[in-house]
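Visitor: Here's my sequence, what's the structure:
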Amino acid sequence: MTEFTPLSASIGGALIGLSAGLLWLANGRTAGISGIFGGVMPLRPGDLAWRLVFLVALPIGAIIGAGIGPAVLSEISDAPPQLGLSPLVAIAAGLLVGAGTRIGGGCTSGHGICGLARFSVRSLVAVLTFMATAIVTVYVVRHVL
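Guide: Model prediction:
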């Protein structure tokens with residue numbers, strides 16, 4: 001069973017919103033990871049620098065979070081979160097997410113954070129689809145399998 005941690009969720013959500021807002025103000029671009037990554041291939045020289053900085057900063061942020069996260073979470077919860085996936089399953093999941101972002105015309109961050117903030121109907125439909133699929137998947141994994 002997972003435990004909801006409102007403090008860390010609020011801090012993370014605020015940082016994501018701040019990052020998306022800053023990217024919009026600085027570059028007029030949406031902070032959708034699949035779109036940012038897709039703009040790197042094929043190379044677009046005028047657009048390349050900020051995309052590379054963004055993509056390099058993502059794992060750096062994850063490494064920092066992994067380093068300080070357990071200390072912060074230990075103040076909130078007794079048990080640190082565990083992923084519980086084999087590397088093969090994680091790679092397969094990543095490939096499926098990548099295929100889904102291509103089919104869906106964007107990723108959860110692009111549609112859910114930036115698209116909804118701009119009142120995009122397409123993003124609303126995408127987010128409702130993401131959420132419905134997630135709910136069904138969790139139910140199947142936890143109660144059927």
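Visitor: contacts, neighbours, all on C-alpha from now
Guide: Will do.
Visitor: For the residue nearest the centre of the chain, list the residues it contacts.
Guide: The C-alpha lying nearest the average C-alpha coordinate of the chain belongs to Ser109 (CA atoms, centre = their mean; 5.3 Å). Taking CA atoms under 8 Å, 6 or more residues apart in numbering, we find Ser109 in contact with Ala31, Gly32, Ile33.
Visitor: These in helices, which ones?
Guide: Ile33 (DSSP state H).
Visitor: and of the contacts of Ser109, the nearest to Trp50?
Guide: Ala31 (11.4 Å; CA to CA).
Visitor: Give the next helix or strand downstream of the lowest-mean-pLDDT helix or strand in the chain.
Guide: Lowest mean confidence among the helices and strands of the chain (mean pLDDT, DSSP states H and E): helix 45-76, at a mean of 76. Per DSSP states H and E, helix 45-76 leads on to helix 87-103 as the next helix or strand towards the C-terminus.
Visitor: name the helices or strands packed onto that following helix?
Guide: Counting contacts by 3 or more CA pairs under 8 Å, 6 or more residues apart in numbering; DSSP states H and E, helix 87-103 is packed against helix 33-38.
Visitor: How far does the helix it packs on sit from its chain's centre?
Guide: 12 Å (CA atoms, centre = their mean, to the nearest Å).
Visitor: buried sites along that helix?
Guide: Ile33, Ser34, Gly35, Ile36 (16 or more other CA atoms under 10 Å).
Visitor: With just CA atoms, put that helix into CSV.
Guide: Taking Å, rounded to 0.1, in the frame of the first residue of the first chain, the C-alpha atoms of helix 33-38 are listed here in CSV:
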residue,chain,number,x,y,z
ILE,A,33,9.2,16.2,-22.2
SER,A,34,8.3,14.3,-25.3
GLY,A,35,8.1,17.5,-27.4
ILE,A,36,11.3,18.8,-26.0
PHE,A,37,13.1,15.5,-26.7
GLY,A,38,11.5,15.2,-30.1
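Visitor: Pull the residues that contact that helix.
Guide: For helix 33-38, using CA under 8 Å, 6+ apart, the contacting residues are Arg51, Leu55, Gly98, Thr101, Arg102, Gly106, Cys107, Ser109, Gly110.
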